[in-house]
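Peer 1: My questions are about this predicted structure, shown below with the sequence.
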Amino acid sequence: KRYEQVRVLNEALAGYTDLLAKSMPGLGVGYYNRELDAIITYGPSGDYADTVGHSIAPSHPGRKVMEEGRERVEFGSLVRGNIMNTMLPIKRDGRVEGYIWANELTEDIHSQMATMDRKIYFLGSVGLLVSLMLMLGLTSRFASDVEKIKHGLDGMQFDMKRQLPAMSGEMGEIAAAINNMSQAVLEVRLLNDDILHSISDGIITVDNNARITMINQAAQDMTGYIAAEVVGRFYREGFLVNDPDFYSLLIDTLQTGTHHAGVELDFPAKKGSLHVSASSSRLKDGHGNDIGAVLVFRDLTEQQRLRQQVLQVDILASTDSMTGLKNRRAFLENLEFFLLKVQKSEMEFSLAFLDLDSLKGINDTYGHREGDWYIRSVASFLRQYVRDGDIIGRLGGDEFAVIFPRCPQNAEENILRCIGGKLADLAL
């Protein structure tokens, strides 16, 4: 029923979101229904139709929007990657029905900002040209104002916070316009810096020569390198990568144009290395020309450590400490699995039990130390003579068992006869 409701709503609404997405290339728009807990439409459908019907994660900021009934703007890694996502709750009779969103990739936003910068610089240049032409037609009394403007513009090249002094008349209006444009450029730059430094993922950019042009605060915190140490240096030199076999996603993208997404690897840091999830892509200017590459990465070191701890605990919980074989619990779990396979007529297997009748005599005659050695030796023989896919377990003090999946009975009997002979020799 839920699937049918999602399908009907999608057919009714997908045309609107696709139209919006088509009118603004690069924009992703959609609608999420709270009652159905599903994405109803996500345009352009050609790119994101496979997300329809899916539920967002419990930690997704869209759930905050629906719970609080307030609009929200988020930067970060969501359904389509690293984006700026604007979400607006949809209410009916005071009740939140769901939310709509519009998002754009952060790299597209950066590209738009670069385009805005160029336009502003162009307008500034035009304003300067106009002002110079006007000054040629003015009397000598404007000469001092012209010098002030020229001097101020020279200073603005290195300090955008610098303002032209107040002037009267037409020259004053020109100076005010230049100051306004300078302030606009400064605000765009500050916004760009704020976005890059507020993102929790590390970001590093290089130019076409593999020289580092930017490293955001998150990347500095994770690697231990500050911007002053690495910006302007070659990528390998900046991060002290001395291993000639080190594989760099960023350099590969720069050299081949290949885009990488969500690749887990070890990344060099000032103190050791980090295990990260990394993505890389080419950087282009407003004309589509390659100007470098960008690496975006997230630190997974702690997650990897926890996974290893869990794996180690699981191994210890399922292993016999003396022999390294599967313990009774783990062996019975494997046996239950194969029994289910048999019930489904998917396979056959053989099961053998081994009792070490001579263990008590060895313990009584030579002591438990020799008895333990005997048990470990038996385990070693079993590993040596069974097949790679066979499962060995120690069920108790002198009890062992072996599962032979897909093993003919005569083959199993030959293996057991061989093991029995070796164990008899070992006991002697």
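Peer 2: Everything's here; your move.

Peer 1: who does A102 bridge with?
Peer 2: V29, T86 (DSSP bridges).

Peer 1: Per-residue pLDDT of L191, please?
Peer 2: For L191, the pLDDT comes out at 57.

Peer 1: just L27 next, same as before
Peer 2: So L27 comes in at 87 (pLDDT).

Peer 1: hang on, it packs against T86?
Peer 2: No. Counting by Cβ atoms under 8 Å, L27 sits too far from T86 to count as a contact (10.3 Å). C-beta: built from backbone N, CA, C; applies to glycine.

Peer 1: any shared contact partners between those two?
Peer 2: A102, N103 (Cβ atoms under 8 Å, 6 or more residues apart in numbering).

Peer 1: Give me the nearest residue to L13, chain neighbours excluded.
Peer 2: T41 (4.7 Å; Cβ to Cβ, 6 or more residues apart in numbering).

Peer 1: That neighbour should be in a strand, yeah?
Peer 2: Yes. Counting by DSSP: H, G, I helix; E, B strand; the rest coil, T41 is part of a strand.

Peer 1: Any idea how many residues pack against it?
Peer 2: 26 (other Cβ atoms under 10 Å).

Peer 1: residues contacting it?
Peer 2: L9, N10, L13, A14, Y16, T17, G30, Y31, V52.

Peer 1: Mind pulling up the pLDDT for R63?
Peer 2: R63 is given a pLDDT of 93.

Peer 1: these two touch, right, it and G69?
Peer 2: No. The criterion here is Cβ under 8 Å, and R63 misses it with G69 at 11.9 Å.

Peer 1: of those two, who's got more company?
Peer 2: Counted by other Cβ under 10 Å, R63 and G69 do not tie: R63 has more neighbours, with 17 against 14.

Peer 1: Just give the closest residue to that one, not the sequence neighbours.
Peer 2: Going by Cβ to Cβ, 6+ apart, R63 has I56 as its nearest residue, at 6.7 Å.

Peer 1: Can you tell me the SS state at the one you found?
Peer 2: coil.

Peer 1: what about it, how many neighbours?
Peer 2: Neighbours around I56, by other Cβ under 10 Å: 18.

Peer 1: mind listing what it touches?
Peer 2: Going by Cβ under 8 Å, 6+ apart, the list of residues near I56 reads Y32, I39, G62, R63, V79.

Peer 1: Please enumerate the strands of this protein.
Peer 2: 27-33, 38-43, 72-78, 81-92, 95-105, 202-206, 212-215, 260-268, 273-284, 290-299, 349-355, 391-394, 399-405 (DSSP state E).

Peer 1: Could you tell me the per-residue confidence at R2?
Peer 2: 90.

Peer 1: distance of it from E35?
Peer 2: Remark: distance between R2 and E35 (Cβ to Cβ, to the nearest Å) = 10 Å.

Peer 1: ok, now F122?
Peer 2: 50 Å.

Peer 1: Weed out the non-buried ones from the contacts of T41.
Peer 2: Among the contacts of T41, those classed as buried by neighbour count (16 or more other Cβ atoms under 10 Å) are L9, N10, L13, A14, T17, G30, Y31, V52.

Peer 1: Just those residues: which are in helices?
Peer 2: Among these, the ones falling in helices (DSSP state H) are L9, N10, L13, A14, T17.

Peer 1: for the fourth one, what are its contacts?
Peer 2: Going back to what we said before, that points to A14. Per Cβ under 8 Å, 6+ apart, neighbours of A14: T41, G43, S45.

Peer 1: Now pLDDT and distance to D221 too, for the residues you listed, in TSV please.
Peer 2: Shown next, in TSV, are the contacts of A14 (pLDDT from 0 to 100; distance: Cβ to Cβ, whole Å):
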residue	pLDDT	distance to D221
T41	95	38
G43	90	37
S45	90	39
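
Peer 1: Identify each buried residue in stretch 337-348, please.
Peer 2: F338.

Peer 1: just how off-centre is it within its chain?
Peer 2: 40 Å (Cα atoms, centre = their mean, to the nearest Å).

Peer 1: Quick one: end-to-end distance for that stretch.
Peer 2: 12 Å (Cα to Cα, to the nearest Å).

Peer 1: residues making contact with that stretch?
Peer 2: Outside stretch 337-348, the residues touching it (Cβ under 8 Å, 6+ apart) are F349, I403, P405, R406.

Peer 1: and which of those residues is nearest to E173?
Peer 2: P405 (88.7 Å; Cβ to Cβ).

Peer 1: show me what contacts that closest one?
Peer 2: F338, M347, F349, G389, D390, I391.

Peer 1: what's the third one in contact with, if anything?
Peer 2: With contact set as Cβ under 8 Å, 6+ apart, F349 has these partners: F338, K341, V342, I403, F404, P405, R406, C407.
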